[in-house]
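Peer 1: predicted coordinates and the sequence they were generated for:
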Amino acid sequence: MFNIYHDIYIKSTAEAIFEAVTTPLALEKWWPQHCSGSALVGVEYRFYFEKEYDWYGIVTKVVPSNYFEIQMTKSDPDWNHTKFSFHIKPENGGCWLEFNHINWPKNNHHFRRSSFCWAILLQGLKNYLEKDEIIPYPDRA
């Protein structure tokens, strides 16, 4: 199995970061075009990017203002059964956000491209929280 790891420092509170990675309206400001779900174990999230990219995942772990994890269930074959998580660690007036996307079946083009896209999207999350910048959906990674 192959894994993606990214750490990014965000000058924001743990509560605001948690909200930005779990609340559908906030997620839509930096990741999918449309989203639904709630941060409760067992709840299904819908991540709608475009008609051919209408993906779903199940919440597998939640620790409010600290940790959020989803296991993909209906998505691209490479993404199915992968898990992605956000671990928030307060430090020096902001927080380190440790992002993981684990259990990829292959180190292929899609894996490497997704790692690159996550890095860009996480920078968009940082800019959204620190500067209230929202990149229009068509211009995101």
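Peer 2: Great, that's in hand.
Peer 1: distance of the nearest residue to M1 once chain neighbours are set aside from D132?
Peer 2: With sequence-adjacent residues excluded and distances taken as Cβ to Cβ, 6 or more residues apart in numbering, M1 is closest to N103, at 4.9 Å. Any C-beta I mention is one placed from the backbone N, CA and C, and that applies to glycine too. N103 sits 34 Å away from D132, going by Cβ to Cβ, to the nearest Å.
Peer 1: quick one: the helices in the protein, in order.
Peer 2: 14-22, 24-27, 109-131 (DSSP state H).
Peer 1: mind checking those helices for the one nearest to V59?
Peer 2: Shortest distance between V59 and these, using Cβ to Cβ, is found for helix 14-22: 8.7 Å.
Peer 1: tally of neighbours for E15?
Peer 2: Neighbour count for E15, taken as other Cβ atoms under 10 Å: 13.
Peer 1: can you get me a residue count around the residue nearest to M1?
Peer 2: As a burial measure, N103 scores 16 neighbours (other Cβ under 10 Å).
Peer 1: E69 too?
Peer 2: Residues near E69, counting by other Cβ under 10 Å, number 19.
Peer 1: same check, this time on the one 4 residues further on
Peer 2: Around T73 there are 14 other residues, counting by other Cβ under 10 Å.
Peer 1: residue contacts, it?
Peer 2: 44, 56-58, 80-81 (Cβ atoms under 8 Å, 6 or more residues apart in numbering).
Peer 1: what's the nearest residue to the residue sitting nearest the centre point of the chain if we skip its chain neighbours?
Peer 2: Closest to where the C-alpha atoms of the chain average out (Cα atoms, centre = their mean) is V21, at 6.0 Å. Sequence neighbours aside, F86 is the residue nearest to V21 in space, at 4.5 Å (criterion: Cβ to Cβ, 6+ apart).
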